[in-house]
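Visitor: Build me a model from this:
(one chain, ligands or ions: 1)
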Amino acid sequence: MEPPINLVIATRNKGKSSEIKSLLSGFPVIIKNLHDFGPIPEVKEDGETFDDNAYKKASFSAKILGFPALADDSGLIVEALGGAPGVHSARYAGENASDEERCLKLLHEMNGKSNRMAAFECVISIAVPTGVALTYEARCEGLITEKMRGSNGFGYDPIFYYPPLKKTFAEMTREEKNRVSHRGKAFKELKEEFDKIMVWIRQQTPKIF
Ligand code: IMP
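Guide: Just a heads-up that it's a prediction; the model follows:
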């Protein structure tokens with residue numbers, strides 16, 4: 001039997017990293033985090049799309065660490081704000097702002113707006129050290145609330161209401177969120193192809209003797 005594959009989760013976001021670990025549980029991979037490797041340069045997330053940034057993060061990490069790497073680039077798209085915060089979701093209220101400050105800023109921008117439609121989008125990129133990558137993407141539609149609700153999850157979860165379950169993401173258990181979220185859906189596709197992905201990773205990763 002083939003040994004499990006080492007896979008680096010290329011994110012420093014603790015909320016994301018713990019969701020990704022739970023989504024990959026039961027799969028034949030040894031998960032490594034960026035902090036397992038000591039200080040390494042940070043990749044600039046200056047792409048114009050989630051796709052650009054996911055690829056940048058995964059391929060940069062795979063190249064400098066010498067292991068296959070998985071990165072997720074995601075964010076919230078709000079219709080009444082012309083698609084903001086979009087690719088700038090992580091830094092919407094400034095570089096060192098907290099999740100709560102980002103949520104409050106967005107609620108403030110949405111003050112008085114009747115169109116509350118929004119969607120989370122997620123692109124997952126899996127890259128090997130030569131730089132080639134596979135991508136998976138998904139979207140989850142919902143509404144921006146009037147105030148923060150719930151304390152689970154991370155990021156904009158307390159202000160993203162998902163009508164089919166009548167809850168914000170922050171009011172859901174992790175299992176509920178994983179079943180319906182942008183990240184959960186992208187991982188569902190990835191997991192369905194995982195056997196092929198493992199073969200692809202092995203073919204692309206030169207053996208070191
Ligand atoms: P990045 O993909 O690391 O650039 O950051 C994405 C940002 O989008 C996060 O820091 C969150 O603010 C937000 N975001 C992405 N996915 C989620 C989610 O599942 N829930 C809440 N916020 C999210």
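
Visitor: how many neighbours does the residue nearest to Arg149 when sequence neighbours are not counted have?
Guide: Counting by C-beta to C-beta, 6 or more residues apart in numbering, Arg149 lies nearest to Thr168, which is 4.6 Å off, once chain neighbours are set aside. Where C-beta positions appear, they are placed from N, C-alpha and C, glycine not excepted. Neighbour count of Thr168, defined by other C-beta atoms under 10 Å: 24.

Visitor: again with the one 10 residues further on
Guide: The burial count assigned to Asn178 is 17, neighbours taken as other C-beta under 10 Å.

Visitor: just checking, Val87 touches Ala54?
Guide: No - at 10.4 Å, Val87 does not count as touching Ala54 under the criterion of C-beta atoms under 8 Å.

Visitor: How far off centre is the least confident helix or strand in the chain by mean pLDDT?
Guide: Least confident helix or strand, the chain: helix 14-23 with a mean of 87, by mean pLDDT, DSSP states H and E. Computed by C-alpha atoms, centre = their mean, to the nearest Å, the chain-centroid distance of helix 14-23 equals 9 Å.

Visitor: That helix - contacts with which helices or strands?
Guide: Helices and strands touching helix 14-23, by 3 or more C-beta pairs under 8 Å, 6 or more residues apart in numbering; DSSP states H and E, are strand 5-9, strand 69-78, helix 174-180, helix 182-192.

Visitor: Would you mark the buried spots in the first one?
Guide: Buried residues in strand 5-9, counted by 16 or more other C-beta atoms under 10 Å: Ile5, Asn6, Leu7, Val8, Ile9.

Visitor: roughly how far out does it sit from the chain middle?
Guide: The answer for strand 5-9 is 16 Å, by C-alpha atoms, centre = their mean.

Visitor: From Phe154, how far out is the closest residue in space to Gly155 that isn't next to it in sequence?
Guide: Distance criterion C-beta to C-beta, 6+ apart; nearest residue to Gly155, sequence neighbours excluded, is Asp99 at 5.5 Å. Using C-beta to C-beta, to the nearest Å, Asp99 is found at 6 Å from Phe154.

Visitor: Next: Leu7.
Guide: Leu7 is 21 Å from Phe154, by C-beta to C-beta.

Visitor: for Ser61, same thing?
Guide: 21 Å.

Visitor: Pick out whichever of those two has more residues nearby.
Guide: Set Ser61 next to Phe154 and count neighbours by other C-beta under 10 Å: Ser61 wins out with 26 against 15.

Visitor: per-residue pLDDT, that one?
Guide: Note on Ser61: pLDDT of 95.

Visitor: show me what contacts it?
Guide: Each residue near Ser61 by C-beta atoms under 8 Å, 6 or more residues apart in numbering is listed here: Val8, Ala10, Leu34, Ile40, Val43, Ala69, Ala71, Ala127.
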